[in-house]
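Asks: Here's my sequence, what's the structure:
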Amino acid sequence: MAGSQVLSAYVAFTASSSGVEQHFSKVDRCHLERGNGHNDSFRRSVIALADDGHEASDKALVESARRIYAEGRQRAAQPRRKRRDAGVPRASPGDLEDKSGLKTEADWLRKRRRDLDEAITETPPPKRAATMDFTPEMEREAKHLKGVLEKRRMEAQANGSLLDSEKTSARKVEAWQNKLRQEDAKRIGTQTRKQEFWDMAGQKKTRDHFEKMLAGKTVWLGREVQNLRQACLNFGAHAVTSELSAANVFLVDSLNPEKKAQWAATLQGGTLISQTVLEPQAPGIFALHFRRGTAEKCVLHMTPAFMDKNPSVSSFLRGVVLPADPGSAWTLSDEPSKAKVVLCVSKEMKAMKKRGRTTCTAEDFLITVARRNLCPAMSGRS
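Replies: Numbers count the residues shown, from 1 in each chain. You can find the predicted model right below:
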């Protein structure tokens, strides 16, 4: 008895928990400790980490797992219910036949496929929907795309990139090349007339000279640049309008001045000035000041071809002649023999030209009237 007490005391004094504490670091490195694993998964992980790895303990663990799995299978297993056709002999495929004479599902599918093919063959094709009416915008887009396609085809043929079956006739190619030359000539002529118009502002003037042109005036602005309205008022403009007939100063784009503003300034009288005047540091200000172009007596005649080609110019000219404008000295005549100036298209120039009568296209007439009524002292460029 005394010996057992001594031995118990010895074991108590020498016992240590270091064996348990050694597992703490292993548990800290366990991913379940740092993650969000379930408590039971964490418990089983700790048991596995603390396993001493002896073969006997592995066998005991496997045996326990086998026993637990078997008990679960016994609880989950349920007796199968008896089939309704139990004891009834199955029929052979040769005994199965429906009213249509088909014995198998494959036969039925083949027959169904044949019936479907026959139904598709006998069914007439559906009627095509009526062609939708194009809007004017769609018509313009279709015409544009057709022109682009034709242009690309002609360019490809000129470069030798088409097959023989894709090539068009040489006559069409020549017509296309002539059309390109005419378009180039027209573009060059338009650019030349723009430059010729602004070249009339030859005298150099200071910026103050141009800024004073807006003070107390009614300024016309195109509908696309109405955001410049406040800037015009800041320069002392009396009012800003989009009506040509109410303005005496016309603010235009220096690179592409609006044609209607050019006609209004030239015939009604007023100042045509570039929009760069509103930009404090912007160079290249142009200004052209015109006297009233309709102050001198003149009889005009417009040919039908001229009115068809220039509908906006024709409408504007009708508004600045008698009796539409009481202050105008211009009149329109329906007879070219009574007119001093005949406005026509370029192909009519030769037929309409006679002694004592001037024949002009729209562009030539604008330049002529502008030069005649320009005031060089008030015009200029920066």
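Asks: Only C-alpha atoms from now on, for both contacts and neighbour counts.
Replies: Fine.
Asks: what's the pLDDT at the nearest residue to Arg318 once chain neighbours are set aside?
Replies: Using C-alpha to C-alpha, 6 or more residues apart in numbering and skipping residues adjacent in sequence, the residue nearest Arg318 is Ala324, 7.1 Å away. At Ala324, the model reports a pLDDT of 85.
Asks: pretty sure Ala324 is touching Ser315, no?
Replies: No. Checked against C-alpha atoms under 8 Å, the pair Ala324 and Ser315 is beyond contact range at 11.3 Å.
Asks: still on that earlier bit, for the residue nearest to Arg318, grab the count of nearby residues.
Replies: By the measure other C-alpha atoms under 10 Å, the count of residues near Ala324 is 12.
Asks: And the one 5 residues further on, by the same measure?
Replies: By the other C-alpha under 10 Å criterion, the neighbourhood of Ala329 contains 17 residues.
Asks: That one and Gly293: what is the separation?
Replies: 9 Å (C-alpha to C-alpha, to the nearest Å).
Asks: mind listing the strands for the stretch 251-382 of the chain?
Replies: 270-274, 286-290, 298-302, 330-332, 341-343, 358-360, 380-381 (DSSP state E, counting those that start in this stretch).
Asks: what's the fifth one in contact with?
Replies: Translated: strand 341-343. When contacts are defined by C-alpha atoms under 8 Å, 6 or more residues apart in numbering, strand 341-343 is touched by residues 298-303, 306, 336, 352, 357-362, 365.
Asks: And those residues, which of them are buried?
Replies: Those of the contacts of strand 341-343 that meet the buried threshold are 299-303, 306, 336, 352, 358-362, by 16 or more other C-alpha atoms under 10 Å.
Asks: biggest separation within the contacts of strand 341-343, which pair?
Replies: Greatest spatial distance in the contacts of strand 341-343: Cys298 and Phe306, 18.2 Å, computed using C-alpha to C-alpha.
Asks: what's the straight distance from one end of stretch 331-345 to the other?
Replies: End-to-end for stretch 331-345, by C-alpha to C-alpha: 20 Å.
Asks: And for stretch 249-267?
Replies: Start and end residues of stretch 249-267 are separated by 13 Å (C-alpha to C-alpha).
Asks: for stretch 241-252, same thing?
Replies: For stretch 241-252, the first-to-last residue distance is 13 Å (C-alpha to C-alpha).
Asks: as a whole number, average confidence for that stretch?
Replies: 92.
Asks: repeat for stretch 213-225
Replies: On average, stretch 213-225 scores 89.
Asks: Could you list the alpha-carbon positions for that stretch in CSV?
Replies: The C-alpha trace of stretch 213-225 is given here as CSV (Å, rounded to 0.1, in the frame of the first residue of the first chain):
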residue,chain,number,x,y,z
MET,A,213,-19.0,95.6,-86.0
LEU,A,214,-21.2,93.7,-83.6
ALA,A,215,-22.1,96.6,-81.3
GLY,A,216,-25.7,97.6,-81.5
LYS,A,217,-26.4,95.3,-84.4
THR,A,218,-28.9,92.5,-85.0
VAL,A,219,-26.7,89.4,-85.6
TRP,A,220,-27.8,86.4,-87.6
LEU,A,221,-26.7,82.9,-86.4
GLY,A,222,-27.3,79.6,-88.1
ARG,A,223,-29.5,77.1,-86.2
GLU,A,224,-26.4,74.9,-85.8
VAL,A,225,-24.4,77.5,-83.8
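Asks: Which residues belonging to that stretch are considered buried?
Replies: 213-215, 217-222.
Asks: next one: stretch 339-346
Replies: Taking 16+ other C-alpha under 10 Å as the criterion, stretch 339-346 shows 339-345 as buried.
Asks: List the contacts of Glu258.
Replies: Taking C-alpha under 8 Å, 6+ apart as the test, what Glu258 contacts is Val252.
Asks: Just the pLDDT at it, thanks.
Replies: Per-residue confidence (pLDDT) for Glu258: 89.
Asks: ok, so what distance separates it from Leu251?
Replies: Distance of Glu258 to Leu251, given as C-alpha to C-alpha: 9 Å.
Asks: remind me, longest helix of the chain?
Replies: If you go by DSSP state H, the chain has its longest helix at helix 170-198.
Asks: Touching the following helix or strand past that one from outside, list them.
Replies: Counting by DSSP states H and E, the next helix or strand C-terminal to helix 170-198 is helix 207-211. The contact list for helix 207-211 (C-alpha under 8 Å, 6+ apart) reads 235, 277, 285, 287, 382.
Asks: what packs against the helix or strand that helix 207-211 is followed by?
Replies: Note on helix 207-211: by DSSP H and E, the next helix or strand toward the C-terminus is strand 218-220. For strand 218-220, the elements it packs on are strand 239-241, strand 249-252, judged by 3 or more C-alpha pairs under 8 Å, 6 or more residues apart in numbering; DSSP states H and E.
Asks: quick one, which of those is packed in tightest?
Replies: Highest mean neighbour count of these: strand 249-252, a mean of 27 (counted as mean count of other C-alpha atoms under 10 Å).
Asks: As TSV, the buried ones among the contacts of strand 341-343 with pLDDT and distance to Asn178 would be great.
Replies: Formatted as TSV, the buried ones among the contacts of strand 341-343 follow (pLDDT from 0 to 100; distance: C-alpha to C-alpha, whole Å):
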residue	pLDDT	distance to Asn178
Val299	93	37
Leu300	94	34
His301	93	32
Met302	94	29
Thr303	94	27
Phe306	94	23
Pro336	90	33
Met352	88	26
Thr358	91	30
Thr359	93	26
Cys360	91	25
Thr361	91	22
Ala362	91	24
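Asks: By mean pLDDT, flag the weakest helix or strand of the chain.
Replies: When the helices and strands of the chain are scored by mean pLDDT, DSSP states H and E, helix 31-34 comes last with a mean of 56.
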